[in-house]
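Here's my sequence, what's the structure:
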Amino acid sequence: MAFGPQAPPAVGGFQGRGVLRVVPPAQLNAAIKAQDEAKAASTKVSEEAATGLAGFIRSEFEAFKLHRNNSSAGWSERLLHCLRVFNGQYDATKIQEIKQFGGSEVYARLISMKCRGASSLLRDVYLSNERPWGLEPPDDPDVPPEIVAAISQLVGTEAQHQAAAGAPIDALSIRDRTFSLMEAARQAAKKRAASQARVAEDKIDEILSEGKFYEALAAFLVDLPMFPFACIKGPIVKIVPQVVWKDGKATIEQKPRLFWERKSPFDLWWTSGCADIEDAAVIERTRVTRADLNDLLDLPGYNVKEIRAVLDEYGRGGLNEDWDTTDAERANQESRENPNMNRSGLISCLEYHGNVQGRMLIEYGMDKKTVPDEMRDYFVQAWLIGRHVIKVQFSPSPRKRHPYFITSFEKVPGTPVGNGLPDILSDIQEVCNATLRALVNNLSISSGPQVVVNTDRLSPDEDGEDLYPWKRWRVTSDPMGNNSSAQKPIDFFQPNSNAGELLQTYQKFSDLADELSAIPKYLSGGASGGAGRTASGLAMLMGNASKILQTVAANVDRDVFQGLLSNLFDMIMLTDTSGMLTGEESIRVKGVSVAIQRETERSRQIEFLTATANPIDAGIIGVEGRANVLRKVASGIGIDGETIVPSDEELKQKEQQAKMMAMAQQGAQAQGGQQGPIMNGDQGPRTNSVQGGAG
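Predicted coordinates:
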């Protein structure tokens, strides 16, 4: 039961006579939910904010929020359901029904186990030693103009030498010579482009690591099977302090850096009629502190006047104006402070990404030179706090795309919102919960005998509630005069145990959950019968089951990695001055191929090494080709192939040294075949023993 001080004043509390009002938990939760809905509905836009850019953003937010909270077409309740299921908690209505019936409140966390298993499998694909993406060089890079000119000059010089020597000049020979040199130059350009792509790929991976992309990806992979959709935001630019050492002294410099973040599905709203998230306007709700706003005062592009107004109006007690019906229960499920209380003094901020009419931008104060047509829509980013727009800028993406990348565990055509494992296994979870509750209730009832006490036969000083071994019961005679053994004052009987049947039912539905989720128990370490009892059989089953996850990996590759890395590629091309990228490279996402072919490729590479370990194949692929395969195999098993296998230049040097030594040995053998004194290890003076003997 819940007492008054724990409930809001509208529900209960101290009454006029000093008595605490007792409120059932279900009624308390329903009252809190009703209060949240009333607060969300009562959020009105002031007259000053009802017009202009601030009014437009707020009206968009209200429309997006109304659609998401719709009981039939929205997904707010689904998000809360996913959190409850993952945490193993019943909703208020269900727990009230269970309490009315009585008995166990145990929860079978079947979906939580499946979510953890799916996240582990996806982490093995996207967060292993092998990168799930790559940078591909152009298939046919252009030969530099100076190389083409040098080839033409060389062919012309050779033709002149032939003419000077009196040899006839053959046009076909000149053409073949030109083609041969151009082909060699083209192959050299391909090698140079591949080498440059590898260097650029390492640099991009360094940018991703410094920007905490892989940390955001790990959190994203936890959200993906749990919610109807998961989101990564980025790249976003943040000014961060960095310590720079100069002449042994540390100096702090403010430098821009690219970052990526996982975004909660609860904090995102978008255009209600969109079928693809790329075409939608998106609003993200964040919460900032006074310190965050103070840091913005020194950054270019921010409206200092509006920021100071926010600090003056909301900076003392915080602002929680952008309320939604899911906030209170979400905070409870995430073990955070209820934002309605807001003792932390946080200030809510709406970040808008979408099209805005040029007239509104000019009225806000943007330069007319940057907004040439006031009737045209422009894709902008804007930050709104209360009724103050603290910043507006044109989207830095040349593709005119917002930085939110969303996908689902199971995509539904025509909507960005798909299905997570809680949606897929909802019915199975309810049946397993009911079966497990019945099992626990039955076990508790059948754990010992039930006692029947005829209170009319007990003596006045006898306690019928007290049971212990060898107890002596004091009874009186039957007032009806029936003292036969059939009318026992104390009797016992044993309830039947249905544990075996209930366990079989639970196991059957658990197996059905394996089929529906495509996450069998043996993928997360559980026991498996049948073919899974042997190592080879289990490997075959795991290989077949992992094919189901290829669809999920394809969703992540297409909806997240491809667009996210393309945005990063564009930003590097626009801002980098080192020539790291040429613009001819292409992003290749290989999460699906990693999921499908990791073990297969590794075994085939080892088989290839074994099959080509003979003099004939070695003469064909050469030392460099063999080294490339060795590097690939070493990298696949977690070893740095570049460290283990020497580089191509070192291999060439070793090959040249081996040739020189072989030539030296051949020369020594040739000299050894001539007539002359035979040299041995003794290099001292020689004495002609024959002459000496004759003397």
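
From here on, just use CA atoms for contacts and neighbour counts.
Noted.

Averaged pLDDT, stretch 304-312. What do you get?
Across stretch 304-312, the average pLDDT comes to 90.

in that stretch, what counts as buried?
For stretch 304-312, the neighbour count (16 or more other CA atoms under 10 Å) marks 304, 306-308, 310-311 as buried.

Check stretch 282-291 too.
Result for stretch 282-291 [16+ other CA under 10 Å]: buried residues 282-286, 290.

Also stretch 443-450?
443, 445-446.

With stretch 138-148 instead?
138, 141, 143.

For that stretch, give me every contacting residue.
Stretch 138-148 has contacts (CA atoms under 8 Å, 6 or more residues apart in numbering) with 182, 185-186, 189-190, 193, 584-586.

mind redoing it with 6 Å?
584-585 (CA atoms under 6 Å, 6 or more residues apart in numbering).

Just give me how far that stretch sits from the chain centre.
Centroid displacement of stretch 138-148 relative to its chain, using CA atoms, centre = their mean, to the nearest Å, is 39 Å.

For that stretch, measure first residue to last.
One end of stretch 138-148 to the other measures 19 Å (CA to CA, to the nearest Å).

Check stretch 557-564 too.
Termini of stretch 557-564 sit 10 Å apart (CA to CA).

List the buried residues for that stretch?
557, 559-564.

what do you get for stretch 148-162?
151, 159.

Give me the mean pLDDT for it.
On average, the pLDDT along stretch 148-162 is 85.

Let's verify residue 255: helix, strand, or coil?
strand (DSSP: H, G, I helix; E, B strand; the rest coil).

which residues does it contact?
239-240.

how far does the longest strand belonging to the chain sit from the chain's center?
Using DSSP state E to assign secondary structure, the strand with the most residues in the chain is strand 230-246. Computed by CA atoms, centre = their mean, the chain-centroid distance of strand 230-246 equals 19 Å.

Would you map the strands across this structure?
2-3, 22-23, 133-136, 230-246, 249-263, 268-270, 282-288, 347-357, 377-385, 388-394, 404-407, 450-453, 490-493, 586-589.

Adding mean pLDDT and distance to residue 466, write these out as JSON lines.
Formatted as JSON lines, the strands of the chain follow (pLDDT from 0 to 100; distance: least, CA to CA, whole Å):
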{"stretch": "strand 2-3", "mean pLDDT": "37", "distance to residue 466": "31"}
{"stretch": "strand 22-23", "mean pLDDT": "54", "distance to residue 466": "31"}
{"stretch": "strand 133-136", "mean pLDDT": "88", "distance to residue 466": "71"}
{"stretch": "strand 230-246", "mean pLDDT": "87", "distance to residue 466": "57"}
{"stretch": "strand 249-263", "mean pLDDT": "88", "distance to residue 466": "58"}
{"stretch": "strand 268-270", "mean pLDDT": "95", "distance to residue 466": "59"}
{"stretch": "strand 282-288", "mean pLDDT": "93", "distance to residue 466": "59"}
{"stretch": "strand 347-357", "mean pLDDT": "93", "distance to residue 466": "60"}
{"stretch": "strand 377-385", "mean pLDDT": "93", "distance to residue 466": "66"}
{"stretch": "strand 388-394", "mean pLDDT": "92", "distance to residue 466": "71"}
{"stretch": "strand 404-407", "mean pLDDT": "96", "distance to residue 466": "61"}
{"stretch": "strand 450-453", "mean pLDDT": "87", "distance to residue 466": "11"}
{"stretch": "strand 490-493", "mean pLDDT": "86", "distance to residue 466": "12"}
{"stretch": "strand 586-589", "mean pLDDT": "86", "distance to residue 466": "71"}
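
now those strands in CSV, with distance to residue 505?
Supplementary listing: those in CSV, determined by distance: least, CA to CA, whole Å:
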stretch, distance to residue 505
strand 2-3, 36
strand 22-23, 37
strand 133-136, 44
strand 230-246, 33
strand 249-263, 39
strand 268-270, 40
strand 282-288, 44
strand 347-357, 49
strand 377-385, 54
strand 388-394, 58
strand 404-407, 35
strand 450-453, 26
strand 490-493, 27
strand 586-589, 43
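
Tell me which of the ones you listed lies nearest to residue 117.
Nearest to residue 117 among these is strand 230-246; the distance by CA to CA comes to 16.8 Å.

List the strands paired with that closest one, with their directions.
Using DSSP bridges, strand 230-246 pairs in its sheet with strand 249-263 (antiparallel), strand 404-407 (antiparallel).

most tightly surrounded among those strands?
By mean neighbour count, with neighbours taken as mean count of other CA atoms under 10 Å, strand 404-407 ranks first of the strands paired with strand 230-246 at a mean of 23.

Would you mind writing the CA trace of it as CSV?
Extracted in CSV, the C-alpha atoms of strand 404-407 (Å, rounded to 0.1, in the frame of the first residue of the first chain):
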residue,chain,number,x,y,z
TYR,A,404,19.6,11.3,-36.9
PHE,A,405,20.0,7.7,-38.2
ILE,A,406,17.2,5.3,-37.2
THR,A,407,16.6,1.7,-37.9
